[in-house]
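Asker: Sequence and computational prediction follow.
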Amino acid sequence: MPIEAFEASITREFMAFFDKLGLDANESDENDFGDGGVTRALKHINDWCKGKKLNFIIALDEAQYLRFSGSVKYDMLLAWSMDNLANIIFVLSGSEVGTLKDFLDYENVDAPLYGRFRNDIYLKRFNKEESKGYLEKGFEEFGRKLGNNEVNDVVEKLGGTVGWLSYYGYYRCVKKFDHNKALEKLFEEGYALTKDELGKLIRNSSKRYLLILKAIASGSNKWSDIKPYVIAKSGKAIKDPQLNNLLQNLVKFGIIEKDMLRKEYKIEDPLILHTVKKMSL
């Protein structure tokens, strides 16, 4: 994210903050942000919040992509904010836990965020009972009820990924689709979203990444099966360290998981599995 876009976003959201609180926007003229850049804008927000004994929360979704911001060092900006702006709280979320952790690098003594207080929350996939409970509770809030067959079908096809379960609920309760239409639409749009996301993640070595994913999707999910699959399909040799590095990256991206006991790789997300099977080399 360009720093100018980040500054514009927080300025806009801060001004909207007044409406949400029912305050007079004249209390904080947008011109007060001045031309001092993002640090001045953040300081202005913090000073105002301090005077009102309020906190301003800045939530950044898929924050791992901030590492692609070129010369902008968002980790340094976060560290400076945490040191100097007590009334601004940052919430960072991301679906690629390993990549986000690499970006923040908070265990490295030489990194800007080392030693800063944080609270880590890891949301794992729901098991079957949790998925059923999540769906039933969500439908209950809309005054709706799912049949047992529908609940079981959704859990079977979507697994425990909270985002996909939420999408299904949206199509049923907001868009008013029936069960089959909701699943059809979800897989249609989910494929487009997942394909685009995968394309961004594996672009540096897309053919080899995709061959590895197709191997796992086809059941060749042990290291000893993946290597010959990749070689046979590509017609090119691959060195062990290269294969290990690609597999580690896919785990870090959250695309695959490794069963340490069985020494097998799995694609747990059913939409990713669906997408990988449909994608062409």
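Answerer: Perfect, I can see it now. Residues are numbered from 1 along each chain as shown.
Asker: Could you give the number of residues near residue 204?
Answerer: Applying other Cβ atoms under 10 Å, we find 9 residues neighbouring residue 204. Any C-beta I mention is one placed from the backbone N, CA and C, and that applies to glycine too.
Asker: Check whether it sits in a helix, strand or coil.
Answerer: helix (DSSP: H, G, I helix; E, B strand; the rest coil).
Asker: Look up how far residue 253 lies from it.
Answerer: Distance, residue 204 to residue 253, using Cβ to Cβ, to the nearest Å: 12 Å.
Asker: what do you get for residue 75?
Answerer: Taken as Cβ to Cβ, the span from residue 75 to residue 253 is 19 Å.
Asker: Report pLDDT for the most centrally placed residue in the chain.
Answerer: Residue closest to the mean C-alpha point of the chain, counted by Cα atoms, centre = their mean, is residue 95 at 2.7 Å. Confidence at residue 95, expressed as pLDDT, is 72.
Asker: Contacts made by stretch 52-62 with the rest, please.
Answerer: 10, 13-14, 17, 45-46, 49, 66, 87-96 (Cβ atoms under 8 Å, 6 or more residues apart in numbering).
Asker: Revised request: answer the last question for stretch 94-110.
Answerer: Residues contacting stretch 94-110 (Cβ under 8 Å, 6+ apart): 61-64, 66-67, 75, 92, 111, 113-116, 118, 122, 201, 251-254.
Asker: What residues sit buried inside that stretch?
Answerer: Buried residues in stretch 94-110, counted by 16 or more other Cβ atoms under 10 Å: 94, 95, 96, 97, 98, 99, 100, 103, 104, 106.
Asker: rewinding a little: among the contacts of stretch 52-62, which ones are buried?
Answerer: 10, 14, 17, 45-46, 49, 66, 87-88, 90, 92, 94-96.
Asker: Rebuild these as JSON lines, extending it with distance to residue 266 and secondary structure.
Answerer: Formatted as JSON lines, the buried ones among the contacts of stretch 52-62 follow (distance: Cβ to Cβ, whole Å; DSSP: H, G, I helix; E, B strand; the rest coil):
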{"residue": "10", "distance to residue 266": "39", "secondary structure": "helix"}
{"residue": "14", "distance to residue 266": "43", "secondary structure": "helix"}
{"residue": "17", "distance to residue 266": "43", "secondary structure": "helix"}
{"residue": "45", "distance to residue 266": "44", "secondary structure": "helix"}
{"residue": "46", "distance to residue 266": "45", "secondary structure": "helix"}
{"residue": "49", "distance to residue 266": "45", "secondary structure": "helix"}
{"residue": "66", "distance to residue 266": "29", "secondary structure": "helix"}
{"residue": "87", "distance to residue 266": "44", "secondary structure": "coil"}
{"residue": "88", "distance to residue 266": "40", "secondary structure": "strand"}
{"residue": "90", "distance to residue 266": "33", "secondary structure": "strand"}
{"residue": "92", "distance to residue 266": "27", "secondary structure": "strand"}
{"residue": "94", "distance to residue 266": "21", "secondary structure": "coil"}
{"residue": "95", "distance to residue 266": "17", "secondary structure": "coil"}
{"residue": "96", "distance to residue 266": "17", "secondary structure": "coil"}
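Asker: which stretches of the stretch 101-250 of the chain have low pLDDT?
Answerer: For the stretch 101-250 of the chain, no stretch is flagged by pLDDT under 70.
Asker: all strands of it, in order?
Answerer: Counting by DSSP state E, counting those that start in this stretch, the stretch 101-250 of the chain forms no strands at all.
Asker: which strands and helices sit next to the longest helix seen in the chain?
Answerer: Ranked by residue count under DSSP state H, the longest helix found in the chain is helix 179-201. Judged by 3 or more Cβ pairs under 8 Å, 6 or more residues apart in numbering; DSSP states H and E, helix 179-201 is in contact with helix 148-158, helix 162-173, helix 270-278.
Asker: Quick check: residue 220 vs residue 248, distance?
Answerer: Residue 220 is 18 Å from residue 248, by Cβ to Cβ.
Asker: ok, the two, which is more surrounded?
Answerer: Shown here are residue 220 and residue 248; by other Cβ under 10 Å, residue 220 has more neighbours (18 against 12).
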